[in-house]
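Asker: Let me see the structure of the following:
(one chain, ligands or ions: 2)
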Amino acid sequence: MSVLDDIKELIDSAQKILIVTHENPDGDAIGSSLGFMHGLRKLEKDVTVFIPYINKMYNFLPGSDEIRHELSDDEKFDLCIALDSSDIERLGEGKKWFDKADKTIVIDHHITNQNYGDANYVNAVACSTCQNIIVVLASLEVAINKVMGTCIYAGMLTDTGGFRYNVQSETFEFVSMLLEAGIEIAPIYRNLFDLTTEARTRLLGRALERLEVLEDGKITYTYVTKADEAEFNCEDGDYENIVNYGRNIEGVEVSIFFREIEEGKIKVSLRANDYVDVSLIASKYAGGGHLRAAGFSISGSMEQSKNIVIDEIKKQLQ
Ligand code: 5GP
Ligand code: MN
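Answerer: Numbering: from 1, shown residues only. Ligands and ions are numbered 1, 2, ... in the order given. Got it, this is the predicted structure:
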C-alpha cells in the first residue's frame, strides 16, 4: 500500500478532522490548511482548522474567517492532520492536539521532515505543501474548485517566491489544473505581494537602516526588536520578507534576519543565493527548512545571537 492509500483509509474512517500547521504560519501553511479544509468538506467531513494567529494579509483567502484561533480542552478529534511543518515542536499550540488525536497524518515538502505522523506524505521535490495537497486531493477523488484552488495557489505562489525557487515543469502543470478550476491570478498576487500596510513599511524601513554588510559583501544582516514592532503597531508576521532585501544585494551570498521573539529569545531567518546550505546550519540549532531558505530560534540576547550566527555563517563561507 502506498502512503496515499494509507491517507485515504485514515480519512475515510474519520469524521471529525482537525488541521494544524506550523507557528508563524506563512502563505503555504495557511493556503494548504484552507485548501485541504474545503476539499475534505466535499467528502462530508466535519473539518476544523486551528491556527492561533494569522496576519490579516491572508484574510482574503476563502474560509479564513472560519479558522479557529482557540480550541477548548473538551473538544475531540478522530484525526489530526499537520501541514507544512517539518517537526512536531514547530506545531506550537497545535502539538497538543496532534498528540491527543486518535490518528495523525503529516503532509509536507521539507527535506528535514521527521515523519512524525501515522501516515506521512512528504515530497520534498514539491515546490510547496500546497502542491502536495493537489496530489492528495486527487487520490481522494476530490475535484479542485475555485475556492480550493485559490487557497492552494496562494501557497504555491508564496513558497516559490513568485515561481522562482524550487520550480519544475510539473509545478506549472499543477498551476494549469488550478487555472482550469477557475482561479483568478491577479487578485491573489496583489494581496500577497503588492498590498502592504504602514506598519509593515515602517518596520522594513527600520530594518534597512540597520543593515550591515560583512565579509567582502558576502554576508548581510539586520534585525528588529519587540520595541520596534510595538512602536509601529506591527502585527505578527509584518517582518516577513525583510530578509530578502539583504539577499537581493549584489554579491551577497547569505542574508540573515534576526527578530526578537521575547526577551532572551531570537528567531533567525537565513537565505542563501548560490552555494551555502543554510538548512544544515538551521538543523544544527534544532531548526530546519530548505537548502537556500531556513530558520531556527536561539536563546540569548540579540548581541549574543548575532555573534554566534554570524561566526557560523563565516565558517560556512570558507
Ligand atoms: P523563515 O525564515 O521564512 O521563517 O523560514 C524559512 C524556511 O525555514 C521555511 O521553510 C520554514 O519552514 C523553515 N523554518 C524557519 N524556522 C524554522 C524552525 O524554527 N524550525 C524548522 N524546522 N523550520 C524552520
Ligand atoms: Mn511550505
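
Asker: make it CA atoms for all contacts and neighbour counts henceforth
Answerer: Will do.

Asker: remind me which residues of the stretch 1-150 of the chain are low pLDDT?
Answerer: Residue ranges of the stretch 1-150 of the chain with pLDDT under 70: none are present.

Asker: I'd like to know which residues of it are adjacent to ligand 1.
Answerer: With C-alpha under 6 Å from any ligand atom as the criterion, the stretch 1-150 of the chain comes near ligand 1 at residues Ser86, Asp87, Arg90.

Asker: Based on its surroundings, how many neighbours for the last one?
Answerer: Neighbourhood size, Arg90 [other C-alpha atoms under 10 Å]: 17.

Asker: if I look at it, how far off is Leu178?
Answerer: 29 Å (C-alpha to C-alpha, to the nearest Å).

Asker: do Leu140 as well
Answerer: From Leu140 to Leu178 the distance is 17 Å (C-alpha to C-alpha).

Asker: Who has more neighbours out of those two?
Answerer: Leu178 (23 against 19).

Asker: Could I get the full set of helices for the protein?
Answerer: With DSSP state H as the criterion, the chain has helices at 3-12, 27-41, 94-100, 129-139, 146-159, 169-180, 185-189, 198-209, 226-231, 242-247, 278-284, 302-317.

Asker: So is the longest one next to ligand 1?
Answerer: Yep, that's helix 302-317 we're talking about. No. Helix 302-317 is not in contact with ligand 1 by C-alpha under 6 Å from any ligand atom; minimum separation 13.8 Å.

Asker: Show residues contacting that helix.
Answerer: Glu215, Ile219, Val254, Phe258, Glu260, Gly264, Ile266, Val276, Ile281, Ile298, Ser299 (C-alpha atoms under 8 Å, 6 or more residues apart in numbering).

Asker: Let me know whether Glu212 touches Tyr245 as I believe.
Answerer: No. In this structure, Glu212 is not within contact of Tyr245 by C-alpha atoms under 8 Å, at 11.8 Å.

Asker: buried stuff in stretch 287-299?
Answerer: Residues of stretch 287-299 classed as buried: Gly287, Gly288, Gly289, His290, Leu291, Arg292, Ala293, Ala294, Gly295, Phe296, Ser297, Ile298 (neighbour count, 16 or more other C-alpha atoms under 10 Å).

Asker: go on, stretch 177-185?
Answerer: Leu178, Leu179, Ala181, Ile183.

Asker: what's the answer for stretch 84-97, then?
Answerer: In stretch 84-97, counting by 16+ other C-alpha under 10 Å, buried: Asp84, Ser85, Ser86, Asp87, Ile88, Arg90, Leu91, Gly92, Glu93, Gly94, Lys95, Trp97.
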